[in-house]
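Asks: dropping the sequence and predicted coords here.
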Amino acid sequence: MKNNFQILFVMLFTLIGVMHVSSNDQLYPVDTLRVMTYNIHTGVGADGVFNLSRIADIITEHEIDIAGLQEIDQGVERTERVNTMKILSELTGMHAVFGKAIQFQGGEYGNGILTRYPVIEKRNHPYTFDQTGEHRTLLYVFVEYEHDTLFVVNTHLDHRPDDAERMKSVEEILSIASKYEDMPMFLLGDINDTPDSRVVGKLKERFHDVWEEAGEGTGYTFHTEDLNRRIDYIFYPGTMDTNSARIYFKPINAYTIRTPASDHLPVVAEFEVYVQ
């Protein structure tokens, strides 16, 4: 009887040990990652000045590793026909990717991603839409990270009061994300809806809102000179227990940056990175 008890005790102790090793609180992070989402208002600040250097300075000063940028002009008349992503890449030393949403003033307008890690592949998904609003797209890239592939998604959803277009776009986001559930991923963007909306609620069925887990205060991002709502988000899949990817993230900080460089404030999240 005593021997049986000893065997049972050893088995229980071993099981507890395995559970501790499996917990992300008991593992050491292999890296720290800083992620940003920022609607840069084409580089035109609250002061009406077009200045890409101050956008780049924010990214550099805060040591951002991955940035999802919205409202990007490429060769557009109103912003001196410059190649915005090329300039930001040169100023930050990061890899740049652009995804067109519409043709505009002789150039293109859409979303961009900056990353310190090599880009394996880029895709730009046009949402279905009702033909009455501005056409929107979902830009996503696959990047090399920690001997694995990191899936980074960036978007800018419809801004109109009726959320029908946003809800349709969210369904398309979730459909695409479901194909890459075995990859670590981030969803970044100007969602154009508040945390209590059904749009954000739908996204939270699949993702975690980093501000709710690591931010303090309201997290308002719009409008720069009269902040009154949070519409810019960083989403991630969650902990090891809810994410099948080999790499997972633990948010340790989230904050906005007070700057007049755009009509939105950038949102930054800092993650500890764990490898299973």
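Replies: Looks like it arrived, so ask away.
Asks: can you give me the helices for the stretch 151-276 of the chain?
Replies: Here the stretch 151-276 of the chain has its helices, by DSSP state H, counting those that start in this stretch, at 164-178, 198-203, 210-214.
Asks: dump these to TSV, plus mean pLDDT and distance to residue 232.
Replies: Glycine gets a C-beta too; all of them are placed from N, C-alpha and C. As requested, these are exported to TSV (pLDDT from 0 to 100; distance: least, CB to CB, whole Å):
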stretch	mean pLDDT	distance to residue 232
helix 164-178	97	14
helix 198-203	98	11
helix 210-214	98	9
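Asks: so which of the ones you listed is nearest residue 58?
Replies: helix 210-214 (18.3 Å; CB to CB).
Asks: which helices and strands does the closest one pack with?
Replies: Helices and strands touching helix 210-214, by 3 or more CB pairs under 8 Å, 6 or more residues apart in numbering; DSSP states H and E, are strand 232-236, strand 247-256, strand 267-275.
Asks: sorry, back to before: right, so of the helices of the stretch 151-276 of the chain, which gets closest to residue 38?
Replies: Evaluated over those, closeness to residue 38 peaks at helix 210-214, with 14.4 Å, by CB to CB.
Asks: need the residues that contact the closest one.
Replies: 195, 219, 230, 233-236, 251-254, 267, 269-270 (CB atoms under 8 Å, 6 or more residues apart in numbering).
Asks: before we move on, the earlier item: buried deepest among the helices of the stretch 151-276 of the chain, which one?
Replies: helix 210-214 (a mean of 19; mean count of other CB atoms under 10 Å).
Asks: so how far is that one off the chain centroid?
Replies: 13 Å (CA atoms, centre = their mean, to the nearest Å).
Asks: same question for stretch 46-63.
Replies: That offset, for stretch 46-63, works out to 19 Å (CA atoms, centre = their mean).
Asks: what's the answer for stretch 169-178, then?
Replies: In terms of CA atoms, centre = their mean, the centre of stretch 169-178 is found 15 Å from the chain centre.
Asks: let's see it as CSV, backbone CA atoms only.
Replies: Taking Å, rounded to 0.1, in the frame of the first residue of the first chain, the C-alpha atoms of stretch 169-178 are listed here in CSV:
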residue,chain,number,x,y,z
SER,A,169,-15.1,43.1,-43.9
VAL,A,170,-14.6,41.5,-40.5
GLU,A,171,-16.1,38.3,-41.8
GLU,A,172,-13.5,38.3,-44.5
ILE,A,173,-10.7,39.1,-42.0
LEU,A,174,-11.7,36.1,-39.9
SER,A,175,-12.0,33.9,-42.9
ILE,A,176,-8.5,34.7,-44.1
ALA,A,177,-7.1,34.4,-40.5
SER,A,178,-8.6,31.0,-40.1
